[in-house]
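Student: My questions are about this predicted structure, shown below with the sequence.
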Amino acid sequence: MSMAQRTALTIRRRPVALRVYRAAHDLSQRELADLAGCAKGTVSNLERGTVSGPRPETARALAAALGVEPEVLFGD
């Protein structure tokens, strides 16, 4: 698998993981954003896959709010 293919798969996986973990915690996008200290739009954009990934501090905050490691949500 080429690097471009791996990157495309990773980007497609991210929105699913974030959405699944958020739903498992019964949180709205706004509630997760508030817990993580980021904008609701950030959560929305990440779930829709319209951005390549969050800043490291945002990834850590979202993961902490969901009780997982950042790699679980966003890959390496």
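Tutor: Nice, thanks for sending it over.

Student: can you give me the helices for this protein?
Tutor: 3-24, 29-36, 40-48, 56-66, 70-74 (DSSP state H).

Student: Show me which residues of the third one are buried.
Tutor: If I follow you right, that is helix 40-48. When burial is assessed from 16 or more other C-beta atoms under 10 Å, helix 40-48 yields the following buried residues: T42, V43, L46, E47. The C-beta positions use only the backbone N, C-alpha and C, and glycine is treated the same way.

Student: Would you confirm that the second one contacts A33?
Tutor: Yes - counting by C-beta atoms under 8 Å, V43 sits close enough to A33 to count as a contact (4.9 Å).

Student: Give the full set of residues in contact with T42.
Tutor: A33, P54, T58 (C-beta atoms under 8 Å, 6 or more residues apart in numbering).

Student: actually F74, not the one I typed
Tutor: Per C-beta under 8 Å, 6+ apart, neighbours of F74: R14, A17, L18, G53, P54, A59, A63.

Student: Now render these as TSV, adding neighbour count and pLDDT.
Tutor: Formatted as TSV, the contacts of F74 follow (neighbours: other C-beta atoms under 10 Å; pLDDT from 0 to 100):
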residue	neighbour count	pLDDT
R14	21	62
A17	17	89
L18	24	93
G53	16	84
P54	23	91
A59	21	94
A63	20	95
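
Student: That concludes my questions; thank you for your assistance.
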